[in-house]
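Chemist: Dropping a prediction and its sequence here:
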Amino acid sequence: MLKPSSEVIEYVRRHLENNKINTTERTYGLSEQISYPQLFRLLAKDQQQDALVQLSALPLSTQQLLLDEWQARCLSQDIRNPAGYLFGMIRKAQLGTFRASKFGQQQKE
C-alpha cells in the first residue's frame with residue numbers, strides 16, 4: 001500500500017480548511033406568547049428543544065391548546081412516556097388529525 005506524500009497530505013489539509021462549511025445551529029427558545037405547562041419544563045433539554053422545533057411549525061393557538069391538552073392527559077392518565085406522547089400529539093397536529101378533548105379545557109380552569 002502506498003503512503004501519501006507529505007505534499008498530498010498538506011494539500012488535502014489545506015483544501016479541507018479552505019472549504020469548511022460554516023453552519024450555525026438554530027436554536028428555539030421558549031416563546032413568550034405561550035404559557036408552557038410545568039410538565040414541559042421537566043422534559044430533558046434536548047426533548048424540549050426538539051418539541052419546540054416541531055411546535056414552531058404550528059399556529060400559536062394550536063401550540064397552546066396542544067400543550068394544555070398534553071399536560072392534562074399526562075396528569076389524568078397513566079402516560080408512561082410523556083415526551084413520546086407529546087411528539088405523537090404534535091405529529092397528529094401537523095397532519096391535521098389532532099382533536100382536543102375536555103382534558104385541556106379542565107386543565108385551564
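Modeler: Nice, thanks for sending it over. Numbers count the residues shown, from 1 in each chain.
Chemist: now the helices for the protein?
Modeler: With DSSP state H as the definition, the chain shows helices at residue ranges 6-18, 38-41, 45-55, 60-76, 82-95, 102-108.
Chemist: winner for burial among these?
Modeler: helix 60-76 (a mean of 19; mean count of other C-beta atoms under 10 Å). C-beta: built from backbone N, CA, C; applies to glycine.
Chemist: Which strands or helices does that one pack on?
Modeler: Contact partners of helix 60-76 among helices and strands, from 3 or more C-beta pairs under 8 Å, 6 or more residues apart in numbering; DSSP states H and E: helix 38-41, helix 45-55, helix 82-95, helix 102-108.
Chemist: just to revisit the earlier point, for the helices of the chain, give me CSV that also has mean pLDDT and distance to S31.
Modeler: Output for the helices of the chain, formatted as CSV (pLDDT from 0 to 100; distance: least, C-beta to C-beta, whole Å):
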stretch, mean pLDDT, distance to S31
helix 6-18, 61, 39
helix 38-41, 94, 12
helix 45-55, 95, 8
helix 60-76, 94, 7
helix 82-95, 97, 15
helix 102-108, 59, 18
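Chemist: Report the separation between Q54 and K102.
Modeler: Between Q54 and K102 the distance, using C-beta to C-beta, to the nearest Å, works out to 25 Å.
Chemist: Next: R41.
Modeler: With C-beta to C-beta as the criterion, R41 and K102 are 24 Å apart.
Chemist: To E32, which of the helices of the chain lies closest?
Modeler: Closest approach to E32 among those is made by helix 60-76 (10.8 Å; C-beta to C-beta).
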